[in-house]
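Novice: All I have is the shape, not the residue letters:
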């Protein structure tokens with residue numbers, strides 16, 4: 001598992017800011033494609049080429065292709081969360097499979113795949129770098145012979161986000177995607193280590209980028225296949241303006257954490273919430289299960305919105321905050337959650353804190369009922385250790401952040417946004433500010449200009465992202 005202090009979580013300042021990324025969702029068959037890529041084939045180009053990109057994973061444990069060239073060339077996260085490169089030379093597949101696994105759903109990974117078959121040293125002909133460091137430990141490694149030409153890097157197509165032929169789409173975000181022909185990149189071409197923290201951070205590539213090379217920053221929401229330099233993508237398959245995100249390696253936003261998969265052991269049900277749509281949608285499976293945000297906070301004031309999208313009548317979901325120390329309490333995660341109790345109005349439930357025991361999950365009183373279509377705002381005040389909820393713009397329980405009269409938390413340490421849901425017809429979509437699958441009809445940013453919310457962000461509260469954390473967290 002890759003969870004280190006040096007991982008890029010957007011927590012260091014950079015001279016070069018990345019403003020946008022693109023969200024890919026495998027279930028939606030989303031990808032970009034450069035067709036007839038073999039029109040640009042030459043022996044020189046087939047010997048030397050490089051890919052560089054930043055990506056953040058939002059789903060784990062299944063094969064996901066980042067890019068695919070022709071029938072059998074690709075870079076992927078495999079089902080075991082290792083990284084695999086494969087390319088054909090003379091009809092024979094050459095591969096690298098890392099021993100290390102990459103399962104940090106809170107961080108951005110920078111990946112360089114740099115090929116130059118003219119190199120005399122075999123291991124230098126294909127080089128894989130993660131966050132500025134070369135991978136040298138592989139479960140299997142086969143390299144092309146000297147001066148061999150790749151069969152399929154200039155094949156019928158080049159795709160980003162999925163294999164055109166056999167699927168295995170990527171789930172997550174991609175930023176600063178660069179394909180450069182006849183160059184074997186080294187990490188310092190596109191990144192640098194922060195001198196204080198040692199964290200790997202991006203820098204702008206200074207080399208020439210001309211067709212068929214291409215560099216995409218995903219800045220044009222009307223056409224996310226438009227290249228900043230070089231060759232535009234020919235087709236955007238199920239890609240729309242809504243797939244543009246502001247979650248990037250230089251400003252990393254919270255999502256639901258795919259690494260925390262609540263098992264439901266305490267209520268006798270298997271499985272956990274299904275995470276999708278760029279780590280913003282959480283759907284129930286069976287019984288009560290939980291999702292937690294990737295970022296925890298212990299100070300500052302934070303705001304997020306949650307769209308009830310389930311088809312259940314009513315929708316059983318609980319929304320609030322969870323104490324980081326109580327990861328053992330997977331059912332409702334040991335936290336404060338608001339729910340609607342039918343004719344009884346709204347109530348706050350305390351689950352698993354301070355030695356309390358779990359109440360009956362369904363006591364016949366329709367606890368934790370919300371109607372589909374409701375938008376639940378949560379304001380989390382970690383300076384005063386209070387929490388507030390509102391539904392469709394109206395603050396609940398006679399509490400209002402403007403009056404500083406919220407519901408008192410029972411702890412002071414690291415705290416996550418959390419949600420628990422019941423059964424398979426209940427789901428919600430979170431809007432932490434970096435990406436939202438739901439439609440925002442009004443559009444409200446925080447005071448620093450981050451996020452895009454349906455309702456106004458309370459004064460003094462901020463979207464949960466690393467630029468705000470650096471100032472307020």
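Specialist: Here it is on my side, so go on. This one's a predicted model, so the numbers in the text were calculated from it and none came from an experiment. Numbering: from 1, shown residues only.
Novice: Residue 408 touches residue 386, doesn't it?
Specialist: Yes - between residue 408 and residue 386 there is a contact at 5.8 Å, judged by CB atoms under 8 Å. Using the backbone N, CA and C atoms, a C-beta is placed for each residue, glycine as well.
Novice: These two - which one has more neighbours?
Specialist: Using other CB atoms under 10 Å, the more surrounded residue of residue 408 and residue 386 is residue 386, with 18 against 10.
Novice: where does the nearest residue to that one once chain neighbours are set aside fall, phi/psi-wise?
Specialist: Spatial nearest neighbour of residue 386, excluding adjacent residues (CB to CB, 6 or more residues apart in numbering): residue 406 at 3.2 Å. Residue 406 has phi and psi values of phi -70, psi 180 when expressed as degrees, to the nearest 10.
Novice: Next up, the contacts around residue 406.
Specialist: 379, 381, 384, 386, 387, 388, 399 (CB atoms under 8 Å, 6 or more residues apart in numbering).
Novice: hang on, the third one packs against residue 404?
Specialist: Right, the one you point to is residue 384. Yes - here residue 384 reaches residue 404: they are 6.6 Å apart, a contact under CB under 8 Å.
Novice: in the lengthiest helix in the chain, what counts as buried?
Specialist: What stands out as the longest helix in the chain, according to DSSP state H, is helix 466-472. Across helix 466-472, burial judged by 16 or more other CB atoms under 10 Å covers 466, 467, 468, 469, 472.
Novice: cool, and stretch 105-119?
Specialist: In stretch 105-119, counting by 16+ other CB under 10 Å, buried: 105-117, 119.
Novice: Any idea how far apart the tips of it sit?
Specialist: 35 Å (CA to CA, to the nearest Å).
Novice: and the closest residue to residue 26 other than its chain neighbours, helix, strand or coil?
Specialist: Spatial nearest neighbour of residue 26, excluding adjacent residues (CB to CB, 6+ apart): residue 169 at 3.1 Å. Put simply, residue 169 is coil when judged by DSSP: H, G, I helix; E, B strand; the rest coil.
Novice: which residues touch residue 169?
Specialist: Counting by CB under 8 Å, 6+ apart, the residues that residue 169 touches are 24, 25, 26, 27, 29, 30, 31, 64, 65, 161, 162, 163.
Novice: Look up phi and psi at it.
Specialist: phi -70, psi 160.
Novice: Please apply the same query to residue 187.
Specialist: Backbone torsions of residue 187, given as degrees, to the nearest 10, read phi -60, psi -40.
Novice: Please name the residues that touch it.
Specialist: Counted by CB under 8 Å, 6+ apart, residue 187 has contacts 112, 129, 132, 133, 134, 200.
Novice: ok, the last one to residue 123 distance?
Specialist: According to CB to CB, to the nearest Å, residue 200 stands 22 Å off from residue 123.
Novice: do the same with residue 285
Specialist: 44 Å.
Novice: Could you list the paired strands of the helix or strand residue 159 falls within along with their orientation?
Specialist: Assigned by DSSP states H and E, residue 159 falls within strand 157-160. The pairing partners recorded for strand 157-160 under DSSP bridges are strand 31-35 (antiparallel), strand 64-69 (antiparallel).
Novice: Return the list of helices and strands in contact with the helix or strand following that strand.
Specialist: Note on strand 157-160: by DSSP H and E, the next helix or strand toward the C-terminus is strand 172-181. If you count contacts as 3 or more CB pairs under 8 Å, 6 or more residues apart in numbering; DSSP states H and E, strand 172-181 packs onto strand 21-24, strand 48-57, strand 157-160, strand 214-216.
Novice: Tell me the helix or strand right after the shortest one.
Specialist: So that's strand 214-216. Strand 214-216 is succeeded, C-terminally, by strand 229-230 (DSSP H and E).
Novice: Show the subsequent helix or strand relative to that next one.
Specialist: strand 235-237.
Novice: tell me the mean pLDDT for that next one?
Specialist: Averaging pLDDT along strand 235-237 gives 97.
Novice: Other residues contacting that strand?
Specialist: Applying CB under 8 Å, 6+ apart, the set of residues contacting strand 235-237 is 29, 30, 31, 32, 33, 35, 162, 223, 224, 225.
Novice: what's downstream of it, the next helix or strand?
Specialist: strand 244-245.
Novice: How far off centre is that next one?
Specialist: 11 Å (CA atoms, centre = their mean, to the nearest Å).
Novice: can you check stretch 224-231 too?
Specialist: Distance, centroid of stretch 224-231 to centroid of chain: 23 Å (CA atoms, centre = their mean).
Novice: model confidence over it, on average?
Specialist: Mean predicted lDDT for stretch 224-231 stands at 98.
Novice: Quick one: end-to-end distance for it.
Specialist: Terminal residues of stretch 224-231 lie 13 Å apart, using CA to CA.
Novice: in it, what's buried?
Specialist: Buried residues in stretch 224-231, defined by neighbour count with 16+ other CB under 10 Å: 224, 225, 226, 227, 228, 230, 231.
Novice: Contacts made by it with the rest, please.
Specialist: Counting by CB under 8 Å, 6+ apart, 22, 32, 34, 179, 209-220, 232-236, 239, 241, 243-244 sit against stretch 224-231.
Novice: one more time with 7 Å, if that's ok
Specialist: 22, 32, 34, 209-218, 220, 232-233, 236, 239, 243-244 (CB atoms under 7 Å, 6 or more residues apart in numbering).
Novice: Next: stretch 204-214.
Specialist: With CB under 7 Å, 6+ apart, stretch 204-214 has contacts from 16, 37, 40, 178-181, 183, 189-190, 215, 227, 229-231.
Novice: same thing but at 6 Å, please
Specialist: 16, 40, 178-181, 189-190, 215, 227, 229-231 (CB atoms under 6 Å, 6 or more residues apart in numbering).
Novice: Return the distance of the residue nearest to residue 26 relative to residue 291.
Specialist: 21 Å.
Novice: follow-up on the earlier one: let me know the closest of the contacts of residue 406 to residue 45.
Specialist: residue 379 (54.0 Å; CB to CB).
Novice: I'd assumed the closest one was in a strand, is it?
Specialist: Yes - assessed by three-state DSSP, residue 379 belongs to a strand.
Novice: show me what contacts it?
Specialist: 303, 388, 401, 458, 461.
Novice: mind redoing it with 10 Å?
Specialist: 301-304, 386-390, 395, 399-401, 406, 457-458, 460-461 (CB atoms under 10 Å, 6 or more residues apart in numbering).
Novice: what do you get for residue 138?
Specialist: Going by CB under 10 Å, 6+ apart, residue 138 touches 82, 83, 84, 85, 95, 96, 97, 98, 99, 100, 123, 128.
Novice: Fine by me, thanks again.
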